[in-house]
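> Build me a structure from this.
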Amino acid sequence: MPLTRCLRPAALVAALLLAATGCGSGGSEGSPSPSPSTSASSPEPGGPTSTPSGPGDGSRGIPTEAEVEVVEVDGTCVYVAVGDSERWALRGSVDDLAVGERLTLTGAPDDTAYPECPDGRPFLVSDVTPLG
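Next comes the predicted model:
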């Protein structure tokens, strides 16, 4: 049997062993490969899993309660002022509200498109309580 025919299987075995141990993969010897678990670390503070600290700070779907004032009613769109700089477009059952009314809203901010009422951040209302 010719010598080259015997070396082919040996070369294949050697290549497989080198690949299995990480040698011969083009990387420099002794440098560790990045671990996939290092990129999947815990969420940063303020990320989507953080608890809202005040009105308007909530992430989509996180229940929030806020005192607001109705600032505009335009057809079926009801806009409320939250704090000094945020404006919500209310989604849900919010009939018979008038400009100037003060309310306590319970619900959750929503980041889905609300093209019918584009002048505020969509807020899904679960409860409305008028402030006396």
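> Which residues outside whichever strand or helix holds L105 are in contact with it?
For L105, the host element (DSSP states H and E) is strand 102-109. Residues outside strand 102-109 that contact it (CB atoms under 8 Å, 6 or more residues apart in numbering) are 56, 58-70, 80, 88, 90, 92, 97, 121-131. In this view, the C-beta of every residue, glycine as well, is placed from N, C-alpha and C.
> Show me just the buried residues among those residues.
The neighbour-count test (16 or more other CB atoms under 10 Å) marks 56, 58-59, 64, 66, 68, 70, 80, 88, 90, 122-125, 128 as buried among the contacts of strand 102-109.
> and which of those is nearest to E116?
Each of these was scored against E116 by CB to CB, and P122 proved nearest at 9.8 Å.
> hang on, the closest one in a helix?
No. Checked against DSSP: H, G, I helix; E, B strand; the rest coil, P122 lies outside a helix; its state is strand.
> Next up, the contacts around it.
With contact taken as CB under 8 Å, 6+ apart, P122 is in contact with 88-89, 91, 109-114.
> PyMOL command for the buried members of the residues you listed?
Buried residues within these, by 16+ other CB under 10 Å, are selected in PyMOL with:
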select buried, resi 88+89+91+109+110+114
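> Have a look at the contacts of P122 and tell me the least confident one.
Note: of those, the lowest pLDDT belongs to D111, at 83.
> quick one: what helix or strand has that one in it?
Using DSSP H and E, D111 sits in no helix or strand.
> how much space between it and P122?
When distance is defined by CB to CB, to the nearest Å, D111 is 7 Å away from P122.
> before we move on, what about E72?
For E72, the distance to P122 - CB to CB - is 15 Å.
> next one: S85
The span separating S85 from P122 equals 17 Å under the rule CB to CB.
> can you check V94 too?
In terms of CB to CB, V94 sits 12 Å off from P122.
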